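Asks: dropping the sequence and predicted coords here.
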Amino acid sequence: MFEARLWKSLKNESVQCRLCNHFCAIKPGERGRCGVRQNIDGTLYALNYGKIAALNLDPVEKKPLYHFQPGTRTYSLATMGCNLRCAFCQNWTLSQTPAEEGRIEGRDVTPQELVDEAVRVKAASISYTYSEPTIFFELMQDTARLAKRGDCRTSWCPTVS
Ligand code: SF4
């Protein structure tokens, strides 16, 4: 299990997640609104770290970016979970399942493996996308740091298929 970043302890082993504007106060044994961050004995864990649930090589034009590396391909990934509740979400099985059913599925992949594969398939960038990538912040941060060394750019593109 991977300890989350950006949280603080509260009284009685509760914690407050400081990752997004919900600032969830989470009692021991419970999860935050996104369904992928859980308080276990007074420590907040990112249950979705490295659990890749969607992975594709997309044309960068699929992303909501203007003139960003046009004509290239971007290695697009996501974990399950989301801190939003959009009724029209086209990726709802990916985004809403952890909060609604508790399930967090995905293939275990390390940041280095993600970067190695992005380089192998000649992606010019890695996109954190499909749900709201804030909820897999730790994975994004670790991967983006490695990708930068490999001259692979980063794009942060919430809720885009
Ligand atoms: S990331 Fe999740 S647990 Fe943290 S404040 Fe946002 S919704 Fe709550």
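Replies: Great, that's in hand. Numbering: from 1, shown residues only.

Asks: any idea whether Glu61 is helix, strand or coil?
Replies: Using DSSP: H, G, I helix; E, B strand; the rest coil, the structure places Glu61 in helix.

Asks: burial check on it, number of neighbours?
Replies: Neighbour count of Glu61, defined by other CB atoms under 10 Å: 14. Just so you know, the C-beta spots here come from the backbone N, C-alpha and C atoms, and that holds for glycine as well.

Asks: let me know whether it touches Thr72 as I believe.
Replies: No: judged on CB atoms under 8 Å, Glu61 makes no contact with Thr72 at a distance of 9.2 Å.

Asks: isn't there a helix covering Ala147?
Replies: Yes: assigned with three-state DSSP, Ala147 falls within a helix.

Asks: I'd like to know how far the closest residue to Arg5 other than its chain neighbours sits from Phe2.
Replies: Leaving aside its sequence neighbours, Arg5 sits nearest to Glu138 (CB to CB, 6 or more residues apart in numbering; 5.5 Å). According to CB to CB, to the nearest Å, Glu138 stands 7 Å off from Phe2.

Asks: what's the answer for Ser125, then?
Replies: 24 Å.

Asks: re earlier: so the residue nearest to Arg5: helix, strand or coil?
Replies: helix.

Asks: my guess is it contacts Tyr49. True?
Replies: Yes: using CB under 8 Å, Glu138 is in contact with Tyr49, at 5.6 Å.

Asks: so what sits against both of these two?
Replies: By CB atoms under 8 Å, 6 or more residues apart in numbering, Glu138 and Tyr49 have these common neighbours: Phe2.

Asks: give me the distance between Pro133 and Gly29.
Replies: Pro133 is 26 Å from Gly29, by CB to CB.

Asks: which one of the two is surrounded by more residues?
Replies: Pro133 (21 against 10).

Asks: now do the same contact list for the more buried one.
Replies: Ala78, Met140, Trp156, Cys157, Pro158.

Asks: so what's the fourth one bridging to?
Replies: Meaning Cys157. Thr129 (DSSP bridges).
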